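S.K.: Build the 3D model from these lines:
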Amino acid sequence: MIDNSNGRLFARKVVRLFGDVELKDIENEIRAITKLCKTGHENIVQVFEFGVLKEDSAWHFIDMELCDFTLEKYIQGADVPGLPKWGQFEEPISVFRARAICHINGQILNGLHFIHSHQEVHRDLSPQNGKH
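M.R.: Just a heads-up that it's a prediction; the model follows:
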């Protein structure tokens, strides 16, 4: 999506809530993300805005930084500067492939370490989430 006020690209997470428990979950997620975003850590996406799509609606949203790529897209063959194409890896594992895998894992662990050092837990670690 594009933010019309300044032309900035962003990703919008939309969640439909069905009860108080789910509302507490999204409020907790927003609280944790907002807390972590204040530091500007390179492995944490920035949140720009959050709220309800329409007043008195069950639909909530979180607008956040749009990532350059995700691990899922990389594994599916997307080009990532500085990394070899995923499908070009040969067996047995080459030094170049091992370095690429270590780089990716290092970025993930760096972000998780940062999150845990702020007494938070990442509850949705998946290949679809990513920041380069």
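S.K.: Can you give me the first-to-last residue distance of stretch 53-63?
M.R.: Its start and end residues considered, stretch 53-63 measures 11 Å (C-alpha to C-alpha, to the nearest Å).
S.K.: quick one: average confidence on that stretch?
M.R.: For stretch 53-63, mean pLDDT rounds to 83.
S.K.: The chain: strands as residue ranges?
M.R.: Secondary structure of the chain (DSSP state E): strands at 10-16, 47-52, 59-65.
S.K.: In JSON lines: these, plus distance to Glu72.
M.R.: Backbone N, C-alpha and C define where each C-beta goes, glycine included. What follows is the strands of the chain, written out as JSON lines (distance: least, C-beta to C-beta, whole Å):
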{"stretch": "strand 10-16", "distance to Glu72": "14"}
{"stretch": "strand 47-52", "distance to Glu72": "21"}
{"stretch": "strand 59-65", "distance to Glu72": "17"}
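S.K.: looking at those, which is buried most?
M.R.: Of all those, strand 59-65 has the most neighbours on average by mean count of other C-beta atoms under 10 Å, namely a mean of 17.
S.K.: what packs against that strand?
M.R.: Counting contacts by 3 or more C-beta pairs under 8 Å, 6 or more residues apart in numbering; DSSP states H and E, strand 59-65 is packed against strand 10-16, helix 20-37, strand 47-52.
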